[in-house]
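Asker: Predicted model and sequence below, questions to follow.
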Amino acid sequence: METKRFQKNDNGFVCAHCGKTVLPLGYSSRNHCPFCLYSLHVDVLPGDRANPCGGLMKPERTEPDPRKGYVIWHRCTRCGALVRNRAAHEAQIQPDNRDLLIRLTAGPVD
């Protein structure tokens, strides 16, 4: 049986890092906080929420991408996994912090 590589799971949440309320993205799965860019290690495949780790995913760096805008590299603080995620800097509702995205192109920000 084939599983889908992407499952839309666009729910709001409270950020486990900064505590701010994050609203649904509206067109895709929101997987990180637009304010601090932290995420949780909860997906095996995008949107499936099937990963038992649940660790805090710290944004390590971003890369500009001509087709995707910015790509955020997150590292799990629990298991060390490194995961890429598309930024939502052009979102109509709570766009990603563009200044932080730009600062992360130079490397980790504390």
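Answerer: Thanks, I have it.
Asker: which strand of the chain spans the most residues?
Answerer: What stands out as the longest strand in the chain, according to DSSP state E, is strand 56-65.
Asker: Relative to the helix or strand just after it, what are the paired strands and their orientations?
Answerer: Next along the chain after strand 56-65, taking DSSP states H and E as the criterion, comes strand 69-76. Strand 69-76 pairs in its sheet with strand 56-65 (antiparallel), strand 82-86 (antiparallel), by DSSP bridges.
Asker: Same list, the ones you listed, but as TSV with mean pLDDT, distance to residue 16 and mean neighbour count please.
Answerer: Where you see a C-beta, it was placed from the backbone N, CA and C, and this is true even at glycine. TSV is the format used below for the strands paired with strand 69-76 (pLDDT from 0 to 100; distance: least, CB to CB, whole Å; neighbours: other CB atoms under 10 Å):
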stretch	mean pLDDT	distance to residue 16	mean neighbour count
strand 56-65	95	6	18
strand 82-86	92	16	15
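Asker: can you redo those strands as TSV with distance to residue 109?
Answerer: Shown next, in TSV, are the strands paired with strand 69-76 (distance: least, CB to CB, whole Å):
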stretch	distance to residue 109
strand 56-65	8
strand 82-86	16
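Asker: Any idea which of those gets closest to residue 48?
Answerer: strand 82-86 (13.3 Å; CB to CB).
Asker: Alpha carbons of the closest one, in CSV - could you do that?
Answerer: Taking Å, rounded to 0.1, in the frame of the first residue of the first chain, the C-alpha atoms of strand 82-86 are listed here in CSV:
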residue,chain,number,x,y,z
LEU,A,82,18.4,17.6,10.4
VAL,A,83,15.3,18.5,8.4
ARG,A,84,14.6,21.1,5.6
ASN,A,85,11.3,23.0,5.5
ARG,A,86,10.0,25.7,3.2
